[in-house]
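**Student:** Show me how the following folds:
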Amino acid sequence: MRTVKAAIIGTGFMGETHAEALRRLPGVEVVAVASHRWERAEALAARVGAAHIFDDWRRVLDLDDVEVVHNCTPNALHYEVNRALLEAGRHVVAEKPLTVDVAEAEALVALAASAGVVATVNFNYRFYPLVQHARALVADGELGDIHLVHGHYAQDWLLNADDYNWRVDADTGGASRAFADIGSHWCDLVQFVTGRRITRVFADLFRVHETRRRPAETAETFRSGGGAADDVPVTTEDGANVLLQFEGGGRGAVTISQVSAGRKNHEWFEVDGSRRALAWNQERPNELWLGRRDGPNEVLTKDPALLAASARPYAHYPGGHPEGYPDGFKNHFLAVYRAVRDGGVPDAPTFADGLRAVRLVEAVLESHRRQAWADVP
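**Tutor:** Residues are numbered from 1 along each chain as shown. The predicted structure follows:
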């Protein structure tokens, strides 16, 4: 197995998470870390053994031996960084959203196609073994006709008025916060599991805090900032309630919240069919609930011997040995680096999937503005 050299741009929560997953991949060497926060870049580079540290992400392009670049920058930089990487012929693993603008996302999809490189968006929740098994059950017709998809994605890390992060600022994070940040994950996940695209939305966004206390040292994701604080107005949403329509006639509903006390990362969905139902909760990822009307319900515990053949490669340990959040990243990146070495298209979310998510966010914002149904192109 030849070694593939990689670089990470961005040293926040996602940069660290990508780095941890890459350390567990065979034949991958992280040789460069770039961040405007020099001390964090030094620390991350030391943990992964990277020889190069840059305070300007463009310097990564000077390293001709770097084949894959992980873009873990704040949302507003995604288009500029992704475009430069594609133009330089690098394979790209981009954090979502692909961009904060539909036209820019469309341009990146076209550029990725012409560049002929691997270009994926990190919708990491697809890569849990039981999510893959749920997809196989739906595809095999085990649930019958799908008539309802519902659930929520709830967190509490922005519950208080003095909770602040760069995502709160629309100039950095984009016009949508909660839905673009975690609602896009939930929607990608249920579209992946059901194999059905969301075609229309009716959205009601809400904001608990019209102003927030912004600290002098802006907080990382899921962490607290420090120093003196200023009151700043907020234009992004704390949560959303969204009705959904799927291709083929299915209906759905989701509640998104970053202000739900006690919910740390509670992503839950249920798919109700004419024969059976299934449900999965990200905080208990090694269990899949299977519902019946005329028989006992089941809870399937992750065990490679009990999974669909298509799901088994995503489970790396025997039954009774839990796998979780970091393993979703590992599974995604395994597919990426396999494609980089061997050619072909990885079984992973593409830039086209990223474009679909950006269009969905735009439709949610439009629906909320008009208080009416909006089509998802």
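
**Student:** Going by residue numbers, what spans are strands in the stretch 151-300 of the chain?
**Tutor:** For the stretch 151-300 of the chain, applying DSSP state E, counting those that start in this stretch gives strands covering 198-206, 211-217, 226-233, 239-246, 251-257, 266-273, 277-281, 287-291, 298-301.

**Student:** And those: which comes nearest Asp56?
**Tutor:** Nearest to Asp56, of all the strands of the stretch 151-300 of the chain, is strand 211-217, at 21.7 Å by CB to CB. For every residue, glycine as well, the C-beta is placed using N, CA and C.

**Student:** Checking Phe333 next. Helix, strand or coil?
**Tutor:** Under the three-state scheme (DSSP: H, G, I helix; E, B strand; the rest coil), Phe333 adopts helix.

**Student:** Report how many residues lie close to it.
**Tutor:** When neighbours are counted by other CB atoms under 10 Å, Phe333 registers 26.

**Student:** In CSV, list the strands of the stretch 151-300 of the chain along with mean neighbour count and distance to Ile53.
**Tutor:** Compiled in CSV, the strands of the stretch 151-300 of the chain are given as follows (neighbours: other CB atoms under 10 Å; distance: least, CB to CB, whole Å):
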stretch, mean neighbour count, distance to Ile53
strand 198-206, 20, 40
strand 211-217, 16, 21
strand 226-233, 11, 24
strand 239-246, 21, 38
strand 251-257, 22, 37
strand 266-273, 21, 34
strand 277-281, 20, 39
strand 287-291, 18, 42
strand 298-301, 13, 43
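
**Student:** Mind telling me which of the ones you listed the model trusts least?
**Tutor:** Here the strands of the stretch 151-300 of the chain differ in mean pLDDT, and the lowest is strand 226-233 at a mean of 78.

**Student:** Phi, psi for Ala374 please.
**Tutor:** The phi/psi pair for Ala374 (degrees, to the nearest 10) reads phi -130, psi 140.

**Student:** State the distance from it to Ala43.
**Tutor:** Distance of Ala374 to Ala43, given as CB to CB, to the nearest Å: 44 Å.

**Student:** Looking only at neighbour counts, state which of these two leads.
**Tutor:** Higher neighbour count among Ala374 and Ala43: Ala374, with 19 against 15, using other CB under 10 Å.

**Student:** mind checking how far the nearest residue to Glu237 once chain neighbours are set aside is from Ala240?
**Tutor:** In space, and not counting its chain neighbours, Glu237 is closest to Leu205: 4.0 Å by CB to CB, 6 or more residues apart in numbering. Relative to Ala240, Leu205 is positioned 5 Å away (CB to CB).

**Student:** shared neighbours of the two, anything?
**Tutor:** Both Leu205 and Ala240 are contacted by 178-179, 364, 368, under the criterion CB atoms under 8 Å, 6 or more residues apart in numbering.

**Student:** With pLDDT added, can I get those residues in TSV?
**Tutor:** Formatted as TSV, the shared contacts of Leu205 and Ala240 follow (pLDDT from 0 to 100):
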residue	pLDDT
Ala178	98
Phe179	98
Val364	98
His368	98
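
**Student:** Make JSON lines out of the residues you listed and add distance to Asn297.
**Tutor:** Shown next, in JSON lines, are these (distance: CB to CB, whole Å):
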{"residue": "Ala178", "distance to Asn297": "32"}
{"residue": "Phe179", "distance to Asn297": "31"}
{"residue": "Val364", "distance to Asn297": "33"}
{"residue": "His368", "distance to Asn297": "36"}
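
**Student:** Just the ones of those in helices?
**Tutor:** 178, 364, 368 (DSSP state H).

**Student:** Can you add distance to Val121 and neighbour count and give the residues you listed back as TSV?
**Tutor:** Shown next, in TSV, are those (distance: CB to CB, whole Å; neighbours: other CB atoms under 10 Å):
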residue	distance to Val121	neighbour count
Ala178	19	25
Val364	18	27
His368	24	21
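
**Student:** Run the chain-centre distance for stretch 189-207.
**Tutor:** The chain centroid and the centroid of stretch 189-207 are separated by 14 Å, computed with CA atoms, centre = their mean, to the nearest Å.
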